[in-house]
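Q: Using only what follows, build the 3D model:
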Amino acid sequence: MKSSSHAPSATSLPRAPRDDVDARSIRYLVTMGIRVACFVLMVVITPYGWYTWVFGAAAIFLPYIAVVSANVGQEGRRNRREDPEAALPAAPTAPLPPPAARVIRIEETRPAAPNTPDRPA
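A: As a prediction, the model looks like this:
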């Protein structure tokens, strides 16, 4: 049995915006940390050689990669085609019969005059 720290989702709702921003911030900070490490290794490791150029190139291009990956939210990663056929029923259903016409008539009548001693009923 696989243990997971996240509860399974019963819906197809996207991740909360706050969680998406947190994940993008962490991804940006990790990439920039790798860039700082590459810059420090470029300066500190001697004798200079081909690896100095690799660390320098990483220190130059990692900020671009960090910004682009941080700006791509969850919507950019989820560009999968969804098949509408899976949502349709397997067999067509018979059409419903038309509803019977219902006519409601409301008629107003005058109230009968009350029996008064002056008027016989």
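Q: which residues sit in contact with residue 32?
A: 62-63, 66 (C-beta atoms under 8 Å, 6 or more residues apart in numbering). For glycine as for every other residue, the C-beta is placed from the backbone atoms N, C-alpha and C.
Q: All the strands of this protein, residue numbers only.
A: In the chain, no strands are found when defined by DSSP state E.
Q: would a markdown table of the contacts of residue 32 with pLDDT be doable?
A: Formatted as a markdown table, these follow (pLDDT from 0 to 100):
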| residue | pLDDT |
| --- | --- |
| 62 | 93 |
| 63 | 93 |
| 66 | 90 |
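Q: Nearest to residue 55 among the residues you listed?
A: residue 62 (10.4 Å; C-beta to C-beta).
Q: Tally up the residues packed near the closest residue to the closest one other than its chain neighbours, please.
A: In space, not counting the residues next to it along the chain, residue 62 is nearest to residue 35; the distance is 3.8 Å by C-beta to C-beta, 6 or more residues apart in numbering. The burial count assigned to residue 35 is 19, neighbours taken as other C-beta atoms under 10 Å.
Q: so residue 35 touches residue 58, yeah?
A: Yes. Using C-beta atoms under 8 Å, residue 35 makes contact with residue 58 at a distance of 6.8 Å.
Q: where do the contact lists of the two overlap?
A: With C-beta under 8 Å, 6+ apart, residue 35 and residue 58 have no common neighbours.
Q: related to what we said a few turns ago, for ChimeraX, write the selection for the buried entries among the contacts of residue 32.
A: This is the ChimeraX syntax for the buried subset of these, where burial follows 16 or more other C-beta atoms under 10 Å:
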select :62,66
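Q: Right, I'll leave it there.
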